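>>> Any chance you can model this:
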Amino acid sequence: MPTTAEGDILVGQDIGARELDITPELVAEYMAGTDDQNAWYTGDSPYDGQAVAPVLALHSEVYRHGGWYLKNIFGNLHARQEWDLFAPMMVGQQVSTHSTIIDRYIKRGRDYVVNEVQVYGEEGRLLSRGRTHQSFLLDESNEGTVVDKQREKSSKRRFEIGEGDVEEQIAPLEKTVTLEMCKTFSFGTNYHNDLESAKKMGFPDIVVQGMMPICFLSELMTKRFGAGWYSGGRMSVNLVNVLWGEDGGVICKGVIREFTPEASGRRAHCEVWAEKADGTKGVVGTASAAV
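The predicted structure follows:
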């Protein structure tokens, strides 16, 4: 979890940069944390047979850049995520990342900070861009339950998506979330992998890190579109209900709404979502890829 800011957080604020290597160990940790066992990650990829990193291997890079959380972190939640994907990260490659606050807004009793992280490869090529909308309570309370398990049962928390006529139903992806996955996926001890920490933050159960089902959706898109997702993929999703540690499983689904011309090929415009066994939607939004 990032450290809190010493002063106010302003749009345009430079949060910092760092360099890191895309190592086999980093990729192996991603594979363990998501149970994504794509053979491309260890070799036999369409990129000259070399190992290519998962598209969202740096899913939590935004949280490696500290000093941008608001003062009151009690009950904070990841609310929305956007990705623009431009080129693959190869295993063994060195990349640099840069974090900037690009927006801040108030909505339904929460203060939202939007942190954009850009990932650059060799010779300054932009490989990806992610925008994380993190929400914080407006009041200074730090006790009680912020979100209980009954909230998602409200009709207001039901989201219709993927209905009606579609061009294609994407093969669903079923995932089982374990405590060990949560510990691997979310570095440190926090409310994403420890029950006591979750209770101290105002939640009745472990809050599975929002990036995890988003990575599952990226796996769904990778399976369907391959290199067309790695280079030119886009995603914009809302985290609408909490995936709790006790939920255990999630089913990722998607539909292709339409194909549109793009250069010499086409772009597939999709609706994607992740739902629990009882049909409760946890993540909903759109994605697209080159085909």
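>>> State the mean pLDDT of stretch 199-213.
For stretch 199-213, mean pLDDT rounds to 97.
>>> mind saving the C-alpha coords of it as CSV?
This file holds the C-alpha atoms of stretch 199-213, laid out as CSV (Å, rounded to 0.1, in the frame of the first residue of the first chain):
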residue,chain,number,x,y,z
LYS,A,199,-11.4,-5.5,9.8
LYS,A,200,-9.2,-2.6,10.9
MET,A,201,-9.8,-0.9,7.5
GLY,A,202,-13.6,-1.2,7.9
PHE,A,203,-14.3,-4.4,6.0
PRO,A,204,-15.9,-7.7,7.3
ASP,A,205,-13.6,-9.9,5.2
ILE,A,206,-10.5,-9.8,3.1
VAL,A,207,-11.0,-7.5,0.1
VAL,A,208,-9.4,-9.3,-2.9
GLN,A,209,-7.3,-6.7,-4.6
GLY,A,210,-9.2,-5.1,-7.5
MET,A,211,-6.4,-5.6,-9.8
MET,A,212,-6.7,-9.4,-9.6
PRO,A,213,-10.0,-9.8,-11.4
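>>> now that stretch: how far from the chain's centre is it?
14 Å (C-alpha atoms, centre = their mean, to the nearest Å).
>>> just stretch 279-289 next, same as before
Per C-alpha atoms, centre = their mean, the centroid offset for stretch 279-289 relative to its chain is 11 Å.
>>> Quick one: mean pLDDT over it.
Stretch 279-289 shows an average pLDDT of 97 in the prediction.
>>> mind listing what's buried in that stretch?
Of the residues in stretch 279-289, 280-289 count as buried by neighbour count, 16 or more other C-beta atoms under 10 Å. In short, each C-beta sits where N, CA and C put it, glycine included.
>>> Could you point out which of those is nearest to residue 192?
The closest of those to residue 192 turns out to be residue 282 (C-beta to C-beta; 14.1 Å).
>>> Which of the three states applies to the closest one?
Secondary structure assignment for residue 282 (DSSP: H, G, I helix; E, B strand; the rest coil): strand.
>>> what's near enough to touch it?
Neighbouring residues of residue 282 by C-beta atoms under 8 Å, 6 or more residues apart in numbering: 213, 239-243, 250, 273-276.
>>> Okay, and which of those map to helices?
If you go by DSSP state H, the contacts of residue 282 have residue 213 in helices.
>>> between the contacts of residue 282, which is nearest residue 8?
residue 239 (25.3 Å).
>>> Now do the same contact list for the closest residue to that closest one other than its chain neighbours.
Leaving aside its chain neighbours, residue 239 sits nearest to residue 210 (4.6 Å; criterion: C-beta to C-beta, 6 or more residues apart in numbering). For residue 210, the contacting residues are 77-78, 81, 239, 243, 283, by C-beta under 8 Å, 6+ apart.
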